[in-house]
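> what follows is a predicted structure for the sequence shown.
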Amino acid sequence: MYPVPPRTLSPRLWWVAAGLWLVLTVAAATALWHMRRTAVDIQARELRVLSLALADALNRGLQVAEEGLHAIRLELRQHRLALTGPEATQALRTRAALMPLVELIWVISREDSLLAASEAAPVPERSSFSPALDQLTDETTAVSHPFMDLNGRQPLVALAVRIPGAPGIAAGWILAAMPAEALRGAFSVASPAADADLVVFRDDGVRLTGPTRPGVIQEEPGPARRLDSTPGIELRRLRDGRERLVALQSLPHFGLKLMVTRDLNAVLAPWEEVAWLTGMGMALLFAIMAVSVYLVRRADRRRAEAQVALQMELARSNKLQSLGTLAGGVAHDFNNVLAGIIGFGEMAQSAAPPGSDQARHLDKMLQAALRGKALVERILAFSRGGARTSTVFELDPVVNEVLVLLSTSLPPGIVLERRGDAQGARVRGDPARAFEAIMNLCTNAMQAMPRGGVMTVGLERLHAESPRVLSHSQLAAGDYLALAVSDQGTGITPEVMEHLFEPFFTTRSAQSGTGLGLAVVHGVVAESGGAIDVQSSPGRGARFTLYLPECFEATGSKPPLPTAAPRGAGQKLLVVDDEPSLVAMLAEMLKGLGYEPVAYSDSSAALRALRDDPGGFAAVITDEVMPGLSGTQLTEALRAQSPHLPVLLVSGYGGALLASRAAAAGVTRVLSKPLQRTELARALAELLH
């Protein structure tokens with residue numbers, strides 16, 4: 001049963017990110033809109049203040065000119081100003097010089113006859129004035145159309161006041177001409193920007209002065225949209241579709257309107273730059289959020305896949321651990337049975353006449369028992385329960401030994417390749433077990449290629465920077481030797497992958513294997529603290545990689561060659577085992593080896609015997625798994641009175657954990673069941689030496 005995939009981040013993460021971006025976009029748009037309104041309002045207030053100042057300056061300038069014309073009219077009434085002769089021209093020229101804006105002065109009669117003039121220049125037509133000259137009163141002033149001066153260099157605008165008829169004075173009008181550009185006053189200096197314009201109109205819509213370049217107001221625009229935030233400011237659209245901010249001021253006494261304008265696009269140019277940057281920022285933010293969401297979802301997907309792989313690995317590990325515990329327990333009990341068979345069989349064999357049928361039958365029985373012992377050892381290798389010692393050895397020679405052996409018996413069509421180089425690299429463990437594990441992997445690879453192919457064996461050093469999750473275990477950070485065996489065979493299905501390392505599981509017939517090969521591989525790797533990774537798919541071959549922790553200690557010495565079983569010299573030995581048959585078998589075997597055994601099937605009774613006679617025993621032989629006190633607990637208890645008494649612990653199950661626990665308790669030597677007579681004799685000889 002496959003593990004349930006863990007919950008991952010919902011695809012709604014995209015919607016959350018889009019919603020967040022939309023909120024930020026709305027907030028940015030709102031802020032930009034407020035910035036736009038603020039920019040327009042600020043400029044509108046500046047235009048209004050400027051238009052008021054310019055209107056006031058123009059009004060004062062025109063009033064000065066008007067007062068000058070009224071003064072001339074008064075002089076005419078009082079006959080202090082002559083209208084004939086050179087004196088009249090000079091007098092008008094002097095008075096024109098005293099008036100800041102005025103350049104020319106004319107005095108004309110109602111019959112359009114020129115009575116006097118400061119300069120010889122054409123008089124503007126009567127029809128060009130507004131209001132009409134005939135409708136003027138003593139308190140009103142008329143303004144003419146723009147007209148060109150005598151030289152055609154600049155446009156002029158004329159003011160006119162009425163001269164009422166009096167004795168000696170003909171009725172008519174006094175006209176004063178001033179440059180049209182003078183109506184703009186100090187605008188060129190006070191202009192807020194190059195796009196700002198000032199235009200002066202008469203109330204009837206005639207433009208008196210203003211720029212003539214394209215894109216500016218040439219005549220008074222029509223209806224406009226007012227700005228609520230700044231009174232007197234309007235937005236007017238020109239014929240070309242462009243909008244301008246307009247500040248309009250009236251000079252009702254003279255019938256004029258002063259209009260100060262700015263191009264709205266120019267006003268909003270800084271804002272548009274900010275808006276463009278904001279838009280680019282929002283687009284970049286959207287891209288960043290999209291990439292972030294993608295990366296988060298991909299990381300979440302990988303995390304989910306890693307969790308699934310970890311759950312599968314944990315499920316496999318728990319299953320293999322449970323199977324190992326079960327197999328170890330069965331092997332332990334079976335070892336007790338084999339111990340009796342082998343022990344009594346060896347004693348019966350030594351008593352049988354040489355060459356007799358009885359001796360031959362006992363040989364066959366012991367051979368079968370030893371095959372059973374080998375089978376139990378393989379089961380214990382899977383369950384990591386064997387009572388074995390380990391040594392430091394180089395792995396590369398073991399691999400070469402396997403490949404040399406395989407090269408002489410390769411099936412037709414199979415090519416063997418060797419890759420990698422890890423000379424001198426060492427591991428800790430059992431070289432024989434390592435040899436068996438590598439041989440099992442290579443044998444499986446060859447059997448997976450019945451039609452031939454390439455089998456590759458590689459060995460290389462590997463440094464894992466961080467922990468990894470593999471197919472069947474976890475790889476901690478550290479230095480490893482990576483042994484990889486790959487083939488081009490039929491591959492492994494997911495269903496088989498789940499049971500790959502279970503003992504007695506095989507996809508081949510009973511004649512092709514027992515199903516313990518990969519179980520032994522798993523036990524060897526797990527006992528060394530390594531890890532296994534299997535990569536395969538149906539039809540694409542398989543790759544088994546064993547990660548064995550690299551050992552940097554010196555290599556161990558080779559075991560001594562076996563010698564004949566030494567005999568005892570009547571030493572008194574304490575034998576403890578909860579199986580009465582095994583106690584009897586051990587006692588009889590020890591008597592045959594020249595020792596004096598004292599046997600107990602109760603560990604507590606054995607401890608009392610030791611306390612009663614602490615110096616009476618030369619050594620203790622005890623089983624580990626017993627009711628009451630275990631073998632290690634018994635050793636701990638007797639060490640208080642006999643700290644140097646040799647203790648031989650015999651067990652069929654325990655592995656590296658038992659070895660460490662026995663060393664901590666003070667056990668002198670550990671042997672695995674079932675015991676053979678020669679092995680027991682050598683161990684006792686070493687303990688009692």
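Cool, got the structure. Residues are numbered from 1 along each chain as shown.

> any idea how far P252 is from D623?
127 Å (CB to CB, to the nearest Å). Every residue, glycine included, has its C-beta placed from N, CA and C.

> higher neighbour count, the two?
Shown here are P252 and D623; by other CB atoms under 10 Å, D623 has more neighbours (25 against 9).

> the more buried one contacts L629, correct?
No. Using CB atoms under 8 Å, D623 is not in contact with L629, being 10.7 Å away.

> centre of the chain versus stretch 603-620, how much separation?
67 Å (CA atoms, centre = their mean, to the nearest Å).

> how about residues contacting that stretch?
By CB atoms under 8 Å, 6 or more residues apart in numbering, the residues outside stretch 603-620 that reach it are 571-574, 576, 578, 598, 600, 622, 626-631, 633-635, 637-638, 641-642, 645-648, 684, 687-688.

> send the alpha carbons of it over as CSV?
Written as CSV, here are the backbone C-alpha positions of stretch 603-620 (Å, rounded to 0.1, in the frame of the first residue of the first chain):
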residue,chain,number,x,y,z
SER,A,603,20.8,-17.7,35.9
SER,A,604,19.9,-16.6,39.5
ALA,A,605,21.1,-20.0,40.9
ALA,A,606,24.3,-19.7,38.9
LEU,A,607,24.9,-16.2,40.4
ARG,A,608,24.4,-17.5,43.9
ALA,A,609,26.9,-20.3,43.2
LEU,A,610,29.4,-17.8,42.1
ARG,A,611,28.9,-15.6,45.2
ASP,A,612,29.3,-18.7,47.4
ASP,A,613,32.6,-19.7,45.8
PRO,A,614,34.0,-16.7,43.9
GLY,A,615,37.4,-18.2,43.3
GLY,A,616,36.2,-21.7,42.5
PHE,A,617,35.6,-21.2,38.8
ALA,A,618,38.1,-20.6,36.0
ALA,A,619,35.6,-19.2,33.5
VAL,A,620,31.9,-18.7,32.9
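
> what comes up buried for it?
Neighbour-count burial for stretch 603-620 flags S603, A606, L607, A609, L610, F617, A618, A619, V620 (criterion: 16 or more other CB atoms under 10 Å).

> can you redo those residues as a markdown table, where the extra columns are distance to M347?
As requested, these are exported to a markdown table (distance: CB to CB, whole Å):
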| residue | distance to M347 |
| --- | --- |
| S603 | 25 |
| A606 | 23 |
| L607 | 29 |
| A609 | 25 |
| L610 | 27 |
| F617 | 23 |
| A618 | 22 |
| A619 | 21 |
| V620 | 22 |
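
> those: which two are farthest apart?
Maximum pairwise distance in the buried residues of stretch 603-620, criterion CB to CB, is 19.1 Å, between S603 and A618.

> returning to what we had before: give me the subset of the contacts of stretch 603-620 that lies in strands.
Judged by DSSP state E, the subset of these located in strands is K572, L573, L574, V576, V598, Y600, T622, V647, L648.

> let me have those residues in a markdown table, extended by pLDDT, neighbour count and distance to R80.
Formatted as a markdown table, the ones in strands among the contacts of stretch 603-620 follow (pLDDT from 0 to 100; neighbours: other CB atoms under 10 Å; distance: CB to CB, whole Å):
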| residue | pLDDT | neighbour count | distance to R80 |
| --- | --- | --- | --- |
| K572 | 87 | 14 | 166 |
| L573 | 86 | 24 | 162 |
| L574 | 87 | 24 | 160 |
| V576 | 88 | 27 | 157 |
| V598 | 87 | 18 | 165 |
| Y600 | 87 | 19 | 161 |
| T622 | 86 | 26 | 153 |
| V647 | 87 | 24 | 152 |
| L648 | 85 | 22 | 154 |
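
> would you mind giving those as JSON lines with distance to R302 added?
Formatted as JSON lines, the ones in strands among the contacts of stretch 603-620 follow (distance: CB to CB, whole Å):
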{"residue": "K572", "distance to R302": "67"}
{"residue": "L573", "distance to R302": "62"}
{"residue": "L574", "distance to R302": "61"}
{"residue": "V576", "distance to R302": "56"}
{"residue": "V598", "distance to R302": "66"}
{"residue": "Y600", "distance to R302": "61"}
{"residue": "T622", "distance to R302": "53"}
{"residue": "V647", "distance to R302": "53"}
{"residue": "L648", "distance to R302": "54"}
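
> wait, which of those residues is closest to L52?
Closest approach between these and L52, by CB to CB: V647, at 114.8 Å.

> and the closest one, how far is that from P270?
Distance from V647 to P270, by CB to CB: 94 Å.

> buried stuff in stretch 44-59?
Here stretch 44-59 shows A44, E46, L47, R48, L50, S51, A53, L54, A55, A57, L58, N59 as buried, counting by 16+ other CB under 10 Å.

> tell me which helix or strand the first one sits in.
The reference is to A44. Using DSSP states H and E, the element containing A44 is helix 12-77.

> follow-up on the earlier one: so which of the buried residues of stretch 603-620 sit within strands?
Using DSSP E, these in strands are A619, V620.

> want to throw the buried residues of stretch 603-620 into JSON lines with distance to R669 and pLDDT?
Below are the buried residues of stretch 603-620 laid out as JSON lines (distance: CB to CB, whole Å; pLDDT from 0 to 100):
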{"residue": "S603", "distance to R669": "18", "pLDDT": "82"}
{"residue": "A606", "distance to R669": "18", "pLDDT": "85"}
{"residue": "L607", "distance to R669": "20", "pLDDT": "84"}
{"residue": "A609", "distance to R669": "21", "pLDDT": "86"}
{"residue": "L610", "distance to R669": "18", "pLDDT": "85"}
{"residue": "F617", "distance to R669": "16", "pLDDT": "87"}
{"residue": "A618", "distance to R669": "14", "pLDDT": "84"}
{"residue": "A619", "distance to R669": "10", "pLDDT": "87"}
{"residue": "V620", "distance to R669": "11", "pLDDT": "88"}
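
> pick the one among the buried residues of stretch 603-620 closest to L366.
Within the buried residues of stretch 603-620, proximity to L366 (CB to CB) peaks at A619, which comes in at 26.5 Å.

> nearest residue to that closest one in space, please, no chain neighbours.
Nearest non-adjacent residue to A619, counting by CB to CB, 6 or more residues apart in numbering: P646, 4.3 Å away.

> gap between that neighbour and A180?
According to CB to CB, P646 and A180 sit 131 Å apart.

> and for A166?
33 Å.

> which one of those two has more residues nearby?
Each of A166 and A180 has its neighbours counted (other CB under 10 Å); A180 has more, 20 against 12.

> give the contact list for that one.
Contacts for A180 (CB under 8 Å, 6+ apart) come out as P146, Q154, P155, L156, V157, L208, T209.
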